[in-house]
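**Q** fold the following.
(one chain, ligands or ions: 2)
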Amino acid sequence: MSETFEGDCQCGHCRYRIGGRSLALFACHCRECQKQSGSAFGMAFWIAPSQVELGLGELSSWTRETPTGRRMICDFCPECGTRLFHRQQGRTDLISIKPGTLDDTSALAPVAHIWLDSAQGWSRIGEECLQYPGNPEDFAPLFARWNEGREPAKPACGK
Ligand SMILES: [Zn+2]
Ligand SMILES: [Zn+2]
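**A** Ligands and ions are numbered 1, 2, ... in the order given. This next block holds a predicted model:
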């Protein structure tokens, strides 16, 4: 099933519209995500994109190496600095939207929390969510849980 995801940055300079299939939404408590968000954790909304349209201003990007030796491209608005997407260099089949930038965040609920070993001490994680001390070796359980949550009869995690 194809879905459409639309959003923009904090100042409105960069807008996006991405068509595709959502794969999983999770929260990451690693130190990189804490720094990036300036907060307690980052959120990642993984999409298998069929179409990516960018409106208005051009994005800037910054690239960092991940602990597993991959290169992650981080796209952000050059005007206000809002992070919009993370992508793995050389991969076009996966884009991670920073879900707080979506126009509609009402239906979002993470299925998992990862890197809990570095979570801030006050964090309380819903029992219903998958939990990992570090990076999941296999993301298949997250994808499966996300799909379960999308069947209308079953409640999504955190809802
Ligand atoms: Zn902006
Ligand atoms: Zn992280």
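**Q** every contact and neighbour count from this point should use C-alpha atoms.
**A** OK.
**Q** for Pro141, what are phi and psi?
**A** phi -60, psi -30 (degrees, to the nearest 10).
**Q** again but with Val111, I slipped
**A** phi -90, psi -10.
**Q** would you confirm that it contacts Ala144?
**A** No. Using C-alpha atoms under 8 Å, Val111 is not in contact with Ala144; the gap is 9.6 Å.
**Q** where in the chain is pLDDT low?
**A** 151-159 (pLDDT under 70).
**Q** could you tell me which residues of it lie near ligand 2?
**A** Proximity of the chain to ligand 2, by C-alpha under 5 Å from the ion, involves residues Cys28, Cys30, Cys33.
**Q** beta partners for the residue nearest the centre of the chain?
**A** Nearest to the mean C-alpha position of the chain, by C-alpha atoms, centre = their mean, lies Ala44 at 1.4 Å. In this entry, Ala44 is beta-bridged to Phe26, by DSSP bridges.
**Q** where's it relative to Phe85, distance?
**A** 9 Å (C-alpha to C-alpha, to the nearest Å).
**Q** okay, and the common contacts of these two?
**A** Taking C-alpha atoms under 8 Å, 6 or more residues apart in numbering as the contact rule, Ala44 and Phe85 both touch Ser96, Ile97, Lys98.
**Q** turn those residues into TSV, including secondary structure.
**A** Formatted as TSV, those follow (DSSP: H, G, I helix; E, B strand; the rest coil):
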residue	secondary structure
Ser96	strand
Ile97	strand
Lys98	coil
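**Q** follow-up on the earlier one: my guess is the residue nearest to the centre of the chain contacts Pro99. True?
**A** Yes. Counting by C-alpha under 8 Å, Pro99 is a contact partner of Ala44 at 6.6 Å.
**Q** hey, what's Arg83 bridged with?
**A** The partner residues for Arg83, given DSSP bridges, come to Phe76.
**Q** residues near it, how many?
**A** 24 (other C-alpha atoms under 10 Å).
**Q** got the contact list for it?
**A** Arg83 neighbours (C-alpha under 8 Å, 6+ apart): Cys9, Cys74, Asp75, Phe76, Cys77, Lys98.
**Q** go again with 7 Å.
**A** Asp75, Phe76, Cys77, Lys98 (C-alpha atoms under 7 Å, 6 or more residues apart in numbering).
**Q** quick check: PyMOL command selecting the buried ones in those.
**A** In PyMOL, this line selects whichever of those come out buried by 16 or more other C-alpha atoms under 10 Å:
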select buried, resi 75+76+77+98
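**Q** which strands and helices lie in contact with the helix or strand harbouring Glu148?
**A** Here Glu148, judged by DSSP states H and E, is contained in helix 140-150. When contacts are defined as 3 or more C-alpha pairs under 7 Å, 6 or more residues apart in numbering; DSSP states H and E, helix 140-150 sits against strand 14-28.
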